[in-house]
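*Asks:* any chance you can model this:
(chains A and B)
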Amino acid sequence: MDDPGARRREIRDGVRKLAAGGYLEGAERQGVTSDLTIDESLILHSIGWEPVELVCGASTYAVPPTLWNWGSGEITSASQAYQWAVRDAGQKLRAECLGVLGHGVVGVHFDVEFERHFVNAVLVGTAVSPVGDHHAPGVPFVSDLSGRDFALLHQAGWDPVGLAAGASFVYAPRRSARDAVRQTAQNVELTNYTEALYSARESAMERMQQTASQLGAHGVVGVSVSEGPMEFAAHAVRFAAWGTAVRRSERQPVLAPPVMVLDLDDERLAFDPTSLRAAR
Amino acid sequence: MSAGDLPPEAAGRLRDGAFSSGLSVNEFAACLHMGMRPVALVQGYCVMRWSPYSTAGRYGYAPAGYSPTGYPPSSGYRSYPGAPGSNQIGAGPFFNPAYNWTPPPGALSNYRCPHYYTGGDHRVWGANYEQTWLTNTWQHGFDTAYARMVEEAEEAGAHGVVGVVDTSSLLIDRSIREFHIYGTAVALEGQPVPGRVWTSYLAGPRLAKLIESGFMPTEVVAAMASVRSWPVCVTESLMRGSYFNVGSLTYDPQEITQISDAQMQARRLARDYVKRRLGPDNLHGADLEVGVHEMGEGNVEVDCILRGTRIRRVRPADPLEPPRLTVRVNG
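*Replies:* Numbers count the residues shown, from 1 in each chain, chains lettered A, B, ... in the order given. Modelled structure (predicted):
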């Protein structure tokens, strides 16, 4: 709507209706909560989907007693605790989604806190469903893609099926006393850490891909990784990878080839929507 | 100070003189484009104090074991009325009073010790409960500051308040907080002043898009929930990293159900409280703020604040065209 006059009329009309307390639609139902931006809501609506409810899933797992600074190979119990916490949080998120008749959850915030004795996974996102479809699906999907990315994926003929995550915790064994003494005044590669990180990466990526395969997905998009040492363990490293598992759907892709656009605006003067403070 | 007694200086300032606004130039331009005229930067404040004994968590500095509910009392997990083993301090081996236990009233969820042997300091029960005395105080602070902001907007002859920002910051010490809510009051030219001022976290182009898509903001809403976990023996041991007291025969990772539940309960309660304020309207752009305060192994407080803009559909939905892809070739 480029006509400022029409926009003003619309606002005046809206204010009048608000003052009258009138509800145009939905007066018979409970309100909907959503953490999507207005852009995400609009783009979802353009492909026939709408937000249903803000949903969450949380799971805390105990990490069995471990000698964090002495050992070699993978710290299997820590890797399992991470995987299971994310898995259970995902199941609870799905259960909440089903409870509000959502067909899936988009924009999931993946928040995993790892401590010496426990790992806490919290997933929060907005359940969505096709407009007017109040039938619960068999298994709702879970995705950390934004509303925009979900719409693009949908148009391209792909569906998200779930969150795929993998993690691995690996010891970086201590050097021998002889190596430690010999390398004291040298600039050298610490092969124990290099190898530990390699090993953790490989295991975590493999587990993520395995999870995706178990979900019946063809691949994982938007993979994020988190890696590095832990405060409480100088001789162990962690690597975690997660993303949205996607599957090709039977729908035909409806995306037209992209249109090339040449902006005539000076970059420095172009409107930057991220500069707005009240982003909610 | 209560709602309805605006300082005379503020009333004079709002009626006369140049306008003030918290809008960026982008937002200001968008407001003018929509026919909204900024009239004043309006604000509301409220300073609230929680009793120092209200909690050991985020809002107070009571001893970690203290609970205003009366259970569990500082003397331990066995001595509230009806508690398991209340007459059997240090119940002997192979006797666990938790098996004939009536859970304490008002808890969100209860947990029972699964062991055959319990010693004198063994936590034979646990509970998650809501700290309503924290929640109510927070809500009173927010609502009062909000009402004062709206009062200023009404005084300024505004139709709505856009670009609302709310903060709650520590003042002097942990049990005292200042709630500060402010935004830019706007008026629509040539329109009678409505009975009720609408408010919105959104401003500028985002507000314009919301209105174009058939919604009007009605008010900003926020709610808080606080859940405290009094750990049962299993929770305490697992959070401490000790499997020896749990009685588990394996060293597989175990879910700490009580803490998982507390995390879920706080978020769900905050959502339920916001929904109570929504009626049939929708909550747009929800923002979930969570603070976890650990006072001991499993002795955890989960505070959750959910806020967003309550919006109402005033025009039938008019979906956009499916998106077209563009590629910028600016280099």
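*Asks:* please count neighbours and contacts with C-alpha atoms only from this point.
*Replies:* Fine.
*Asks:* quick one: the closest residue in space to A:Ala236 that isn't next to it in sequence and chain B, what's the gap?
*Replies:* Using CA to CA, 6 or more residues apart in numbering or on different chains and skipping residues adjacent in sequence, the residue nearest A:Ala236 is A:Tyr171, 4.2 Å away. Distance of A:Tyr171 to chain B, computed by CA to the nearest CA, to the nearest Å: 18 Å.
*Asks:* was I right about A:Tyr171 contacting A:Ser72?
*Replies:* Yes: here A:Tyr171 lies in contact with A:Ser72, judged by CA atoms under 8 Å, at a distance of 5.0 Å.
*Asks:* look at the two and report which has more neighbours.
*Replies:* Using other CA atoms under 10 Å in any protein chain shown, the more surrounded residue of A:Tyr171 and A:Ser72 is A:Tyr171, with 27 against 15.
*Asks:* all helices of the chain, in order?
*Replies:* All of this is about chain A. Assigned by DSSP state H, chain A shows helices spanning A:4-20, A:38-46, A:76-99, A:147-155, A:177-182, A:191-214.
*Asks:* switch to chain B, that's the one I care about
*Replies:* Under DSSP H, chain B gives helices at B:8-15, B:25-33, B:132-155, B:204-212, B:233-240, B:257-278.
*Asks:* nearest to chain A, of those?
*Replies:* Closest to chain A of the helices of chain B is helix B:257-278 (CA to the nearest CA; 4.6 Å).
*Asks:* so stretch B:138-157, near chain A or not?
*Replies:* No: taking CA under 8 Å from any CA of the partner chain as the criterion, stretch B:138-157 and chain A are apart, separated by no less than 14.2 Å.
*Asks:* and that stretch, what's buried?
*Replies:* Under the neighbour-count criterion of 16 or more other CA atoms under 10 Å in any protein chain shown, stretch B:138-157 has B:138, B:141-157 buried.
*Asks:* what about A:Gly14, distance to A:Ala233?
*Replies:* 59 Å (CA to CA, to the nearest Å).
*Asks:* more neighbours: those two, which one.
*Replies:* Using other CA under 10 Å as the criterion, A:Gly14 and A:Ala233 rank with A:Gly14 on top: 22 against 15.
*Asks:* surely A:Pro35 meets B:His284?
*Replies:* Careful, residue A:35 is Asp and not Pro. Yes: using CA under 8 Å, A:Asp35 is in contact with B:His284, at 6.3 Å.
*Asks:* check the spatially closest residue to A:Phe239 that is not a sequence neighbour and give its pLDDT.
*Replies:* Distance criterion CA to CA, 6+ apart; nearest residue to A:Phe239, sequence neighbours excluded, is A:Glu227 at 4.3 Å. Note for A:Glu227: predicted pLDDT of 87.
*Asks:* just give the number of residues close to A:Glu227.
*Replies:* Around A:Glu227 there are 16 residues (other CA under 10 Å).
*Asks:* please pull out the lowest mean pLDDT helix or strand from chain B.
*Replies:* Taking mean pLDDT, DSSP states H and E as the measure, the helices and strands of chain B show their lowest mean at helix B:8-15, namely a mean of 67.
*Asks:* which residues does A:Val63 contact?
*Replies:* A:Val63 makes contacts with A:Ser77, A:Ala78, A:Ala81, A:Arg116, A:His117, A:Phe118, A:Val119, B:Gly241, B:Pro253, B:Gln254, as judged by CA atoms under 8 Å, 6 or more residues apart in numbering or on different chains.
*Asks:* which of the helices of chain B sits closest to B:Arg328?
*Replies:* Closest approach to B:Arg328 among the helices of chain B (CA to CA): helix B:204-212, 21.8 Å.
*Asks:* isn't A:Val220 up against A:Val246?
*Replies:* Yes: look at A:Val220 against A:Val246 with CA under 8 Å: they come within range, at 5.8 Å.
*Asks:* sorry, back to before: highest average neighbour count across the helices of chain B?
*Replies:* A comparison of the helices of chain B by mean neighbour count, using mean count of other CA atoms under 10 Å in any protein chain shown, puts helix B:233-240 on top with a mean of 24.
*Asks:* B:Asp318 contacts B:Glu212, correct?
*Replies:* No: contact criterion CA under 8 Å: B:Asp318 and B:Glu212 do not qualify, at 9.2 Å.
*Asks:* ok so, going back, what's the pLDDT at the residue nearest to A:Ala236?
*Replies:* 92.
*Asks:* isn't B:Pro322 up against A:Ile43?
*Replies:* Yes: using CA under 8 Å, B:Pro322 is in contact with A:Ile43, at 7.5 Å.
*Asks:* can you list the low-confidence ranges for the stretch 201-331 of chain B?
*Replies:* Applying pLDDT under 70 to the stretch 201-331 of chain B flags the ranges B:243-250, B:330-331.
*Asks:* can we see that at 90?
*Replies:* Where the stretch 201-331 of chain B drops to pLDDT under 90, the residues are B:203-216, B:230-234, B:236-254, B:279-281, B:285, B:294-299, B:312-331.
*Asks:* run through the strands of it in chain order.
*Replies:* Assigned by DSSP state E, counting those that start in this stretch, the strands in the stretch 201-331 of chain B fall at B:215-230, B:254-255, B:282-296, B:299-313, B:326-328.
*Asks:* this completes my enquiry, with thanks.
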